[in-house]
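In: Pasting the sequence and the predicted coordinates here, then a few questions.
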Amino acid sequence: MKKNLIEYVYTATNRIFIFLKDGNQEKLIKTLTELENYVRAYNSIPDAKLSFKFGEDDTLITTINDINTDLSLPKKSKNREFLIERFELICKDINPKNEIKVFYN
């Protein structure tokens, strides 16, 4: 079951914003994983996985592993560039249509 976790939107957005400033992929993945572990413990669902949608028009469900994989690609990779563009959009635009959505399943 997927549940929209609106209470974690700010935390996820903030961590992505910090990544855009410092470029530290390891720190981003670590902090998103910590958030995932918190959600697991808080909801008593030990195998829950966080997933993200970057705006209303995002048709993908992106996991932490997907983020790590795409960010590990060469800088000119289309998948990496697309993810960075989505990160920038959710961090720089105050339009609610571009807000990140956080789920667990």
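Out: Thanks, I have the structure now. Because the structure is predicted, anything quoted here is derived from the model rather than measured.
In: burial count for Ala41?
Out: Using other CB atoms under 10 Å as the criterion, Ala41 is surrounded by 11 other residues. To be clear about C-beta, it is placed using only N, CA and C from the backbone, and glycine gets the same treatment.
In: To clarify, my last question referred to Asn98.
Out: 18.
In: now the one 5 residues further on
Out: A total of 19 residues lie near Phe103 under the criterion other CB under 10 Å.
In: Is it correct that it falls within a strand?
Out: Yes - assessed by DSSP: H, G, I helix; E, B strand; the rest coil, Phe103 belongs to a strand.
In: my guess is it meets Ala48, correct?
Out: No - here Phe103 does not reach Ala48: they are 9.6 Å apart, not a contact under CB atoms under 8 Å.
In: Let me know the next secondary structure element after the worst-scoring helix or strand of the chain on mean pLDDT.
Out: Least confident helix or strand of the chain, by mean pLDDT, DSSP states H and E, is strand 3-4 with a mean of 72. Note on strand 3-4: by DSSP states H and E, the next helix or strand toward the C-terminus is helix 9-22.
In: Run the chain-centre distance for that next one.
Out: Its chain's C-alpha centre and that of helix 9-22 lie 9 Å apart, by CA atoms, centre = their mean, to the nearest Å.
In: by contact count, what packs against the helix or strand just after it?
Out: Per DSSP H and E, the first helix or strand lying C-terminal to helix 9-22 is helix 25-43. Where contact means 3 or more CB pairs under 8 Å, 6 or more residues apart in numbering; DSSP states H and E, helix 25-43 is packed against helix 9-22, strand 50-54, helix 64-71, strand 100-104.
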